[in-house]
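Q: everything below, folded, please.
(8 chains)
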Protein chains: 8
Amino acid sequence: MSKPYNRLNKDDAVVLLVDHQAGLISLVQDFTPSDFKNNVLALAACAKFFELPTILTTSFEQGPNGPLVPELKDMFPDAPYVARPGQINAWDNEDFVAAIKATGRKQLIIAGVVTDVCVAFPTLSALAEGFDVFVVTDASGTFDKTVQQAAWARMNAAGAQMMNWFSVACELHRDWRNDIEGLGALLSNHIPNYRNLMTSYFTLVNNK
Amino acid sequence: MSKPYNRLNKDDAVVLLVDHQAGLISLVQDFTPSDFKNNVLALAACAKFFELPTILTTSFEQGPNGPLVPELKDMFPDAPYVARPGQINAWDNEDFVAAIKATGRKQLIIAGVVTDVCVAFPTLSALAEGFDVFVVTDASGTFDKTVQQAAWARMNAAGAQMMNWFSVACELHRDWRNDIEGLGALLSNHIPNYRNLMTSYFTLVNNK
Amino acid sequence: MSKPYNRLNKDDAVVLLVDHQAGLISLVQDFTPSDFKNNVLALAACAKFFELPTILTTSFEQGPNGPLVPELKDMFPDAPYVARPGQINAWDNEDFVAAIKATGRKQLIIAGVVTDVCVAFPTLSALAEGFDVFVVTDASGTFDKTVQQAAWARMNAAGAQMMNWFSVACELHRDWRNDIEGLGALLSNHIPNYRNLMTSYFTLVNNK
Amino acid sequence: MSKPYNRLNKDDAVVLLVDHQAGLISLVQDFTPSDFKNNVLALAACAKFFELPTILTTSFEQGPNGPLVPELKDMFPDAPYVARPGQINAWDNEDFVAAIKATGRKQLIIAGVVTDVCVAFPTLSALAEGFDVFVVTDASGTFDKTVQQAAWARMNAAGAQMMNWFSVACELHRDWRNDIEGLGALLSNHIPNYRNLMTSYFTLVNNK
Amino acid sequence: MSKPYNRLNKDDAVVLLVDHQAGLISLVQDFTPSDFKNNVLALAACAKFFELPTILTTSFEQGPNGPLVPELKDMFPDAPYVARPGQINAWDNEDFVAAIKATGRKQLIIAGVVTDVCVAFPTLSALAEGFDVFVVTDASGTFDKTVQQAAWARMNAAGAQMMNWFSVACELHRDWRNDIEGLGALLSNHIPNYRNLMTSYFTLVNNK
Amino acid sequence: MSKPYNRLNKDDAVVLLVDHQAGLISLVQDFTPSDFKNNVLALAACAKFFELPTILTTSFEQGPNGPLVPELKDMFPDAPYVARPGQINAWDNEDFVAAIKATGRKQLIIAGVVTDVCVAFPTLSALAEGFDVFVVTDASGTFDKTVQQAAWARMNAAGAQMMNWFSVACELHRDWRNDIEGLGALLSNHIPNYRNLMTSYFTLVNNK
Amino acid sequence: MSKPYNRLNKDDAVVLLVDHQAGLISLVQDFTPSDFKNNVLALAACAKFFELPTILTTSFEQGPNGPLVPELKDMFPDAPYVARPGQINAWDNEDFVAAIKATGRKQLIIAGVVTDVCVAFPTLSALAEGFDVFVVTDASGTFDKTVQQAAWARMNAAGAQMMNWFSVACELHRDWRNDIEGLGALLSNHIPNYRNLMTSYFTLVNNK
Amino acid sequence: MSKPYNRLNKDDAVVLLVDHQAGLISLVQDFTPSDFKNNVLALAACAKFFELPTILTTSFEQGPNGPLVPELKDMFPDAPYVARPGQINAWDNEDFVAAIKATGRKQLIIAGVVTDVCVAFPTLSALAEGFDVFVVTDASGTFDKTVQQAAWARMNAAGAQMMNWFSVACELHRDWRNDIEGLGALLSNHIPNYRNLMTSYFTLVNNK
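A: Residues are numbered from 1 along each chain as shown, chains lettered A, B, ... in the order given. Below is the predicted model:
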């Protein structure tokens, strides 16, 4: 009855950032704004660090939903960017799915706003087509904890893996020795208490 | 191992509003009263907007449980209305089941008070008969978070989909272009921060 | 893929009250003391009301765990009462299992202190032997919410049904008309807001 | 040592609604959005019901702070409306203070966004000038509970009265007999559980 | 700068139970229903135990607010009972104040529903007239924690003493030896964990 | 308007540990049991470390309240120990007050169970007699957060200083150089994260 | 459909303590520091008490992650200790897996810091190889409750058993009579309220 | 009875950053790490923006408390920096007080770690010497919410003003027109939802 451990592999993973738009983010109340911003940027930094193909998409960004947050736009200038003309489920947009399939990868790392719609719908669609889906729960926000928990339950029941940006980073990295400084910088930039550990450590070591 | 994504379809869905009665609602403590009222009315507005057949039922409304809240009665004047003479599980009432079957639809969108009884029992009955059940968790209330979580766990384990009114609306709508103004109005009326986004947006656009 | 709805049946159910002892209850912190006491007594009242066979058991009650709370002892003077000499899992005690089997019933309604041990262990044992187990989550207490959630997850994964005393009562009762006053009294005694609904209702009705 | 009870008087009170703007409200996280919207509109309804002079003010509404929410604009079409050109503390705006003084009233009922700035600053200024200030805590929102508590402590220490919209309404109304239906309607519109009480009550009474 | 300790004295204290009505209690959400019911009945039991004069009052009990909860009516059959015809602040009702003054006592122990109105208003009125007021915070309920905290701040700033039913009982009793069994019974009936301590203790002592 | 800063002075302070009894502690629910135990023992360790006179007292320890916890008894074998025969307020016991006065000290550092009675009553009595009282809030426990907050408000309003064991330690110690290792050990034993800081630090330093 | 109850067996279980390092523990925020320390030491005490083979491992302990906490090092001086040179998933380290396999045991009891990585990764790896994995949720810590819940969901879905140190102890012990004093001491040392029960009990019994 | 409103004035204010050290910050648990980091840096940015004299101090930074976080060191390269050799209360350090007095300013804006010691002690000392003290509550952290609340109560009772970084910024700035872009940048950098408002706004305005 044991299940195979389908672990994230940096040669088979692609990152999907769905609807992290300036307007929509103002709806998020299941994280503090600073925590949520940090988590989203940390996930983006993972995508960069592991050189994962990354696909950006937005919903109706000319209207009240607002533009993609500029930080993401700036970090991925060359990434496929699908401004959906109206489809709510990004998977209903052919360009989005085509961009994913063009990568030839089967592991989808997904985050977005709001969790119950912009994350859950493409997650369920992708699972149905046989992709492996890894939901980055802490880079995905929604109206409140109740909605968050319902959306998680739905995706979990369908076979999605519930993760967070830090476990994504660690599962991809595998071994500190692959790039100690790189991983250290990633953690230092997005885990304040880890930065503090590093500050204390290097102060002592360098003062030897 | 991938599961098919059985998504809500406005031609195959029916809405069941179970026991949203003036007395019973006073028992709800897992949502603030304003949040709960908003969620219930939002779900009702979805039913109207997507022109879904909707079935109302009440439990013992002549007694302390009290009458159906008037807003729902007013919104669905022609809907089948089953005042159950005593059955606690609405599915035990033949008229209720008959009304559902008369729609010929297989996707049941259900909400009610209290979650662990008035929602969970017909959900389990309907699943056993092969219906697909989508529980609107935020339009269903009960005594406290502990009871809520137990009821969710029971329904989830039996195969119900855990949803919220907003994901129901979005899954039914599929594409903003199907009716931009209609969906916008729905969101504006029931998501205060979305209304604010729209206010700011249209003020700027109209002042151009 | 639909599952049969195995619902509680008053002719096939037996209630197991495990280790509600004066000492052990002082360990419970996942409910307020008044809520927990109310929930336990409400479940006991259900057992009486539906005339379900009820089995009491205690763990090491001569020592610090303390005696069974007197209210339960008084409510079930003739119930099988198994003071286990040392077995932690009540299912390891032959008398306890024999008492259950003597009822010929297959639906076990269980509650106890602490959830992660005194409830979870016999639940898992009983499921393994093919019994249906209905855990009364709100009449079962433990050290804190974290432990509660872990214990629920374990039992849920093994196939136990997560319930609460009120849903147990309603699933057993089926129809208000089976005994309107009896069910009303049960709710009135253990749901303060329901009592208030009844007070307001009958005051108005009687003053007509 | 007893203090005089300076109670709200509808002939001496004026309502100040400060910066309830579409953009700023998206910063509020110490209330759920539905609760906050309800509380603000309830306070506005009190102002209308008691025919209190009401003064609206906004901060920089052409910019990202956004326009005053339309509901308030619509409810008070003839109220003094001070769109401040830049002053953060509304009390630094001469027109705002002049509008208050023009009413000849000494009791200021104030609410706004965000509590720690838009409410606290004019509160402290007004107290320093000898006005009595009644802060409507639940119609005033800010970043989180910590900031809320700090702002309350500062205002409380300076002599402001901490109130909520319901206590404002009741202190102004004094006696149900002054307008039973009017107060009932106010409560029914903004306290869902009170509406439910009324629904159950009138259903029974009217069915006699 | 030291303040005299004005402690409760059973010869100078009177208990005021304000608007514990079946309808109004359904508005209370800052306590669980079982906790709140227990606290109110515990305070009532203190009044009986210390033979304190007790005054009951209700607001508009013929309407949706509903009747006084029967338990209180039954416990104090001979107490002054002031069904106010409309005054929201009980202190505005002459009969209520007259009943208090008739006792010749200066220490008012007050509790009621809702805290911010039915408790706060008479508290502020009484303080202004030189009475000492002891608010029983846990037998007084309101809409949510935010309103609770605002109401407490207002009363505290005006000089009321913030207490709870247990500290009221202990401050009145002074010394266990005044009536060990009486105090023990009071605690046993309303503090479940204390009852458990007594159960374990007496079981051991009696089995010696 | 500035107030003098009456700071704790190890030559003028005395520690009062009131009713930390095995039975009574089972009533505490405003801290986790491990946190509370740690805080109480940390305060006791401060008393030892600063060689403060310490006075122990218990209420009715032969009965259900249970004996003083053995750790405290063991730490202060020679301290005055007042087993009160019945007085609830320790200040009503002549021996207790005499023991305090015998120290000639005016700063009372007090903690106990339950906060609203065993701490609040002697605090108010001592303040009334001109003592300075420093309440160790985190070594004092009670039924729940609501009662905790009411008790704090009462003591705070009467002039008590709200502290915690760590601020007591630091205010007494004044300067790390007075005993670096001693203070370090105190923190290491009772602040797990501080112990971790020390572990990491000394590992690095010693490995140089 | 009943599942076999695979219960912990002291002859088949091995304890894995993963990365309880002084630096990493400072990242834990889903438990209070005292609770977490207590839980980790309690699990370690179980391992000793039941004489379970125990394997310690650390991640990069020369750097900011810091050394293993000394308490664990001291408790298991002869245990296999695998200081991983870089592998994040301990299962990727051959020595670690070899140490486990050398025990010949199939039941892995695992705890660590952080839950979502240091616990989840080896759990998933071990499950994939057919081991039974029992996660000690309360001796495993991480960044916040959201991450905790995601990590639990992932492990639970993969077939891990969610436990806590107390249920581990009880499932291993089976029967109090196997060693009453031993189990009593374990509970007394790590469950403060249980210690209190024992204190009260033995005081009474010994004073007979 | 009205109090003068002593408002922050950029010509009379000085900022004191006390003990924001890499080790000590790992003790903070009353804010999420990202929120706390953001708040501290936001306060520092205010100090820079308003060109306020700023004084840095640390406690024992060679030891486990760790170095000042580098961000602060870098932002204020020329600020007085007092590495205290041992005094816990920074006010006990003559250099620190001298640095404050050298500014000739009377309004102290203070934040630090931990709130109950490093902030509270100098706050009380400064108040006693006639300074005005403005505590930046959200840039000051400590062990948990209970300790936070006790520390706030103590400082508040002594006359300190409870503030947050945003209210400090706004009270100093007075009028947006003093530097619209500057204040906008400050808010954009430290209030994620405000940044989103600006993004949406300028996108629309620039696209006109």
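
Q: residue in chain A nearest to chain E?
A: residue A:144 (15.1 Å; C-beta to the nearest C-beta). Where you see a C-beta, it was placed from the backbone N, CA and C, and this is true even at glycine.

Q: phi, psi of that residue?
A: phi -170, psi 180 (degrees, to the nearest 10).

Q: go ahead and confirm it touches residue A:27.
A: No - look at residue A:144 against residue A:27 with C-beta atoms under 8 Å: they stay out of range, at 10.0 Å.

Q: the longest helix along chain A packs against which elements?
A: In chain A, assigned by DSSP state H, the helix with the most residues is helix A:33-49. Using 3 or more C-beta pairs under 8 Å, 6 or more residues apart in numbering or on different chains; DSSP states H and E, the elements in contact with helix A:33-49 are strand A:13-18, helix A:70-75, strand A:107-112, helix A:165-173, helix A:180-190, helix H:33-49, helix H:192-206.

Q: how distant is the second one from the center of its chain?
A: Between the mean C-alpha point of helix A:70-75 and the mean C-alpha point of its chain there is a distance of 14 Å (C-alpha atoms, centre = their mean, to the nearest Å).

Q: list the buried residues of that helix.
A: Within helix A:70-75, the residues scored as buried using 16 or more other C-beta atoms under 10 Å in any protein chain shown are A:72, A:75.

Q: do you know how far residue A:132 is from chain F?
A: The gap separating residue A:132 from chain F is 37 Å, by C-beta to the nearest C-beta, to the nearest Å.

Q: now do residue A:28
A: Taking C-beta to the nearest C-beta, one finds residue A:28 at 28 Å from chain F.

Q: likewise for residue A:146?
A: According to C-beta to the nearest C-beta, residue A:146 stands 22 Å off from chain F.

Q: list the contacts for that residue?
A: B:30, B:31, B:137, B:138, B:164 (C-beta atoms under 8 Å, 6 or more residues apart in numbering or on different chains).

Q: next, count neighbours for the second one.
A: What that stands for is residue B:31. Counted with other C-beta atoms under 10 Å in any protein chain shown, residues neighbouring residue B:31 total 24.

Q: can you pull up the most central residue in chain A?
A: Note on chain A: the residue nearest the mean C-alpha position is residue A:111, at 3.9 Å, using C-alpha atoms, centre = their mean.

Q: so who does that residue touch?
A: A:16, A:17, A:18, A:20, A:40, A:43, A:119, A:135, A:136, A:139, A:140, A:165.

Q: which stretches of chain A have low pLDDT?
A: Scanning chain A for pLDDT under 70 picks out A:1-2, A:208.

Q: now do 80
A: A:1-3, A:208 (pLDDT under 80).

Q: close to chain F: what parts of it are there?
A: In this structure, chain A approaches chain F at residues A:197, A:200, A:201, A:204, A:205, A:208, judged by C-beta under 8 Å from any C-beta of the partner chain.

Q: could you chop chain A up by domain?
A: If you go by automatic domain parsing, the domain ranges for chain A are A:13-174, A:178-208.

Q: hmm, the shortest one touching chain H?
A: Yes - residues of domain A:178-208 are located near chain H by C-beta under 8 Å from any C-beta, namely A:191, A:192, A:193, A:195, A:196, A:197, A:199, A:200, A:203.

Q: may I ask which of these has the most neighbours?
A: The residue in these with the most neighbours, by other C-beta under 10 Å, is residue A:197 (30 neighbours).

Q: please name the nearest non-neighbouring residue to it.
A: residue G:64 (4.0 Å; C-beta to C-beta, 6 or more residues apart in numbering or on different chains).

Q: what about the nearest residue to residue A:163 once chain neighbours are set aside, how many residues close to it?
A: Spatially, and ignoring its direct neighbours in sequence, residue A:163 is nearest to residue A:134 (5.1 Å; C-beta to C-beta, 6+ apart). Residues near residue A:134, counting by other C-beta under 10 Å, number 25.

Q: surely residue A:134 is in a helix?
A: No - counting by DSSP: H, G, I helix; E, B strand; the rest coil, residue A:134 falls outside a helix, being strand.

Q: and it, how close does it get to chain F?
A: Distance, residue A:134 to chain F, by C-beta to the nearest C-beta: 31 Å.

Q: quick one: that residue and residue A:110 touch, right?
A: Yes - proximity of residue A:134 to residue A:110 meets the contact threshold set by C-beta under 8 Å, at 7.1 Å.

Q: quick one on the thing from earlier: so what sits opposite the residue nearest to residue A:163 in the bridge?
A: Beta-bridge partners for residue A:134, by DSSP bridges, are residue A:109, residue A:161.

Q: return the distance of it relative to chain D.
A: From residue A:134 to chain D the distance is 28 Å (C-beta to the nearest C-beta).

Q: tell me the contacts of that residue?
A: Contact analysis of residue A:134 by C-beta under 8 Å, 6+ apart lists A:8, A:13, A:107, A:108, A:109, A:110, A:160, A:161, A:163, A:168.

Q: and for residue A:27?
A: Taking C-beta under 8 Å, 6+ apart, one finds A:113, A:114, A:141, A:142, A:143, B:191, B:193, B:194 in contact with residue A:27.

Q: tell me how far the fourth one lies from residue A:28.
A: Distance, residue A:142 to residue A:28, using C-beta to C-beta, to the nearest Å: 6 Å.

Q: between the two, which is the more surrounded one?
A: Higher neighbour count among residue A:142 and residue A:28: residue A:142, with 29 against 26, using other C-beta under 10 Å.

Q: that one and residue A:152 touch, don't they?
A: No - the pair residue A:142 and residue A:152 fails to qualify as a contact (C-beta under 8 Å) at a distance of 10.0 Å.

Q: so what sits against both of those two?
A: By C-beta under 8 Å, 6+ apart, the residues touching both residue A:142 and residue A:152 are residue A:115.

Q: residues near the spatially closest residue to residue A:201 that is not a sequence neighbour, how many?
A: Distances taken as C-beta to C-beta, 6+ apart put residue G:64 closest to residue A:201, at 4.1 Å, once the chain neighbours are dropped. By the criterion of other C-beta under 10 Å, residue G:64 has 26 neighbours.

Q: in the longest helix of chain A, what's buried?
A: A:33-47, A:49.

Q: please name the nearest non-neighbouring residue to residue A:19.
A: Per C-beta to C-beta, 6+ apart, closest to residue A:19 is residue A:118, 4.3 Å.

Q: next one: phi and psi at that neighbour?
A: Dihedral angles for residue A:118 - degrees, to the nearest 10 - are phi -70, psi -30.

Q: cool, residue A:22 as well?
A: Dihedral pair for residue A:22: phi -60, psi -40, per degrees, to the nearest 10.

Q: same question for residue A:116.
A: Main-chain torsions, residue A:116, degrees, to the nearest 10: phi -70, psi -10.

Q: that one contacts residue A:142, correct?
A: Yes - applying C-beta under 8 Å, one finds residue A:116 in contact with residue A:142, separated by 5.4 Å.

Q: what sits in contact with each of the two?
A: A:148, A:151.

Q: list residues touching both of residue A:142 and residue A:28?
A: Counting by C-beta under 8 Å, 6+ apart, the residues touching both residue A:142 and residue A:28 are A:113, A:114.

Q: who touches residue A:60 in this structure?
A: Taking C-beta under 8 Å, 6+ apart, one finds A:84, A:85, A:86, B:176 in contact with residue A:60.

Q: out of those, who's nearest chain G?
A: Of all those, chain G sits closest to residue A:84, with 27.1 Å by C-beta to the nearest C-beta.

Q: what distance do you get for that closest one to residue B:143?
A: Between residue A:84 and residue B:143 the distance is 41 Å, computed by C-beta to C-beta.

Q: and the closest residue to residue A:128 other than its chain neighbours, how many neighbours does it have?
A: Spatial nearest neighbour of residue A:128, excluding adjacent residues (C-beta to C-beta, 6+ apart): residue B:5 at 4.0 Å. By other C-beta under 10 Å, the residues close to residue B:5 number 18.

Q: so residue B:5 is in which element?
A: Per DSSP states H and E: residue B:5 is located in neither a helix nor a strand.
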